[in-house]
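In: Predicted model, plus sequence, below.
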Amino acid sequence: YILDAVSVSAQILLSKARKRKSLDEVQSVTKYMTSIAIIQGIIIALIIAGLTPYVPSFFTSDEAVISQLKILLPVLSIQQVLISLTFVAEALAAGGSQFALLGVGTALSALAAISLMANATSVLEIWTRGILAMFLGRFAAAGIGVLNVNGLLPKFKSIFVKRGKVNKQG
């Protein structure tokens with residue numbers, strides 16, 4: 001939920017910038033919120049990494065579970081920047097009405113993740129393969145949407161951006 005707050009703000013700010021038909025503001029919001037996502041991801045990663053030695057024993061006294069959590073928490077920590085960027089990129093793309101792209105990206109990412117998790121033999125493999133694939137796929141799709149909203153994809157430019165201003169139809 002912590003990562004969602006920045007994402008909600010990103011979606012609202014980008015949507016308002018588009019309503020004002022200001023491509024400069026759309027690009028400024030995108031840069032700013034992307035920077036915040038990176039900083040947020042690093043902070044959360046550092047918190048998780050710092051708490052890794054202590055957190056597992058709060059949940060259980062089972063040494064086997066504690067051992068697994070001590071292996072998984074660093075992986076979760078490392079993934080926080082990608083997760084934060086993914087949430088913010090999806091929010092920016094949603095603020096730019098890139099819903100079809102987001103839907104297709106999420107569906108394809110889920111299929112990739114499911115296929116990787118189906119062959120996983122450990123919880124660590126689920127997180128390092130399946131969950132990672134899901135977030136990478138979602139980030140890639142959202143990234144395309146963000147580039148499109150920012151007028152950086154010439155192929156789609158005429159649909160979403162017109163003469164330096166955001167097209168109402170986009």
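Out: Cool, the structure landed. Numbering: from 1, shown residues only.
In: Of all the residues in the longest helix belonging to the chain, which ones are buried?
Out: For the chain, the helix that runs over the most residues, judged by DSSP state H, is helix 63-95. By 16 or more other CB atoms under 10 Å, the buried positions in helix 63-95 come out as 66, 68-69, 72-73, 76-77, 79-95. To be clear about C-beta, it is placed using only N, CA and C from the backbone, and glycine gets the same treatment.
In: quick one: the residue lying closest to Leu132 once chain neighbours are set aside from Glu90, how far?
Out: Distances taken as CB to CB, 6 or more residues apart in numbering place Gln79 nearest to Leu132, at 6.7 Å, with adjacent residues excluded. Using CB to CB, to the nearest Å, we find Gln79 at a distance of 16 Å from Glu90.
In: Could you do Asn148 as well?
Out: In terms of CB to CB, Asn148 sits 13 Å off from Glu90.
In: And for Ala118?
Out: With CB to CB as the criterion, Ala118 and Glu90 are 25 Å apart.
In: cool, Ser109 as well?
Out: Relative to Glu90, and taking CB to CB, Ser109 is found at 11 Å.
In: shared neighbours of these two, which are they?
Out: Common neighbours of Ser109 and Glu90 are listed as Arg138 (criterion: CB atoms under 8 Å, 6 or more residues apart in numbering).
In: give me the element Lys21 is part of.
Out: For Lys21, there is no host helix or strand (DSSP states H and E).
In: and it, how many neighbours?
Out: 15 (other CB atoms under 10 Å).
In: quick one, phi psi at it?
Out: Dihedral pair for Lys21: phi 60, psi 40, per degrees, to the nearest 10.
In: before we move on, what about Asn150?
Out: According to degrees, to the nearest 10, Asn150 has phi -80, psi 10.
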